[in-house]
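Based on what follows, work out the 3D shape:
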Amino acid sequence: MKIMESGEARARTPVPGGKRENRSPLRYPAAAGAVVAATAHLPLIPQYLAQAPYMGLLFVAVMVAFLVLGWALLRIDVTPVWAATGATAGLAVATYATSRSVPLPRLADEVGRWTEPLGLVPWE
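Coordinates of the predicted model:
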């Protein structure tokens, strides 16, 4: 029986493709956060598809991405999934900041609306 050294990582479970699962206990709250981020965009999709279709389609893409990544965190839990989840969240925040800073086509009225309730929490 092997005893783990103090700095040694916990055992990892192999997954298809030769990668090893992390089995992080943080995968549950991270997956829940991904699902919340996905559902937060859902009420805004019809409005943005009508007003600025490119942004509405980005909302759909973000929603699908977060749902897939949330599932992947629970089922696969490998480092690339964590990286993709973080990158998706970062891009969503950057896109929000851009839409509030720079007049985007068909969304110029969004500039400066940093505290609009629908921008922070999409339901009242």
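
what residue ranges in this structure are flagged as low confidence?
Flagging of the chain using pLDDT under 70 yields the residue ranges 1-22, 117-124.

rerun that using 80 as the cut-off
1-22, 115-124 (pLDDT under 80).

what ranges do the strands span in it?
Counting by DSSP state E, no segments of the chain form strands.

How about residues contacting stretch 63-81?
Residues outside stretch 63-81 that contact it (Cβ atoms under 8 Å, 6 or more residues apart in numbering): 15, 19-24, 27-28, 30-35, 37-39, 41-42, 45, 82, 84-85, 88. In short, each C-beta sits where N, CA and C put it, glycine included.

oh, I was asking about stretch 30-46
With Cβ under 8 Å, 6+ apart, stretch 30-46 has contacts from 56, 59-60, 62-67, 69-71, 73-74, 82, 85, 89, 92, 118, 121-123.

rerun at 10 Å
Stretch 30-46 is contacted from outside by 24, 26, 48, 51, 55-75, 77, 81-82, 85-86, 88-89, 92, 118-124, using Cβ atoms under 10 Å, 6 or more residues apart in numbering.

that older thread, buried only: go through the contacts of stretch 63-81 for me.
In those, burial by neighbour count holds for 21-22, 27, 30-31, 33-35, 37-38, 41, 45, 82, 84-85, 88, counting by 16 or more other Cβ atoms under 10 Å.

quick one: the nearest residue to Tyr54 once chain neighbours are set aside from Ile45, how far?
Leaving aside its chain neighbours, Tyr54 sits nearest to Pro105 (7.7 Å; criterion: Cβ to Cβ, 6 or more residues apart in numbering). Pro105 is 18 Å from Ile45, where distance means Cβ to Cβ, to the nearest Å.

got it, and Val35?
Counting by Cβ to Cβ - Val35 and Ile45 are separated by 16 Å.

Equivalent analysis for Leu107, please.
To Ile45, Leu107 is 15 Å away according to Cβ to Cβ.

One more: Ala34?
Distance, Ala34 to Ile45, using Cβ to Cβ: 17 Å.
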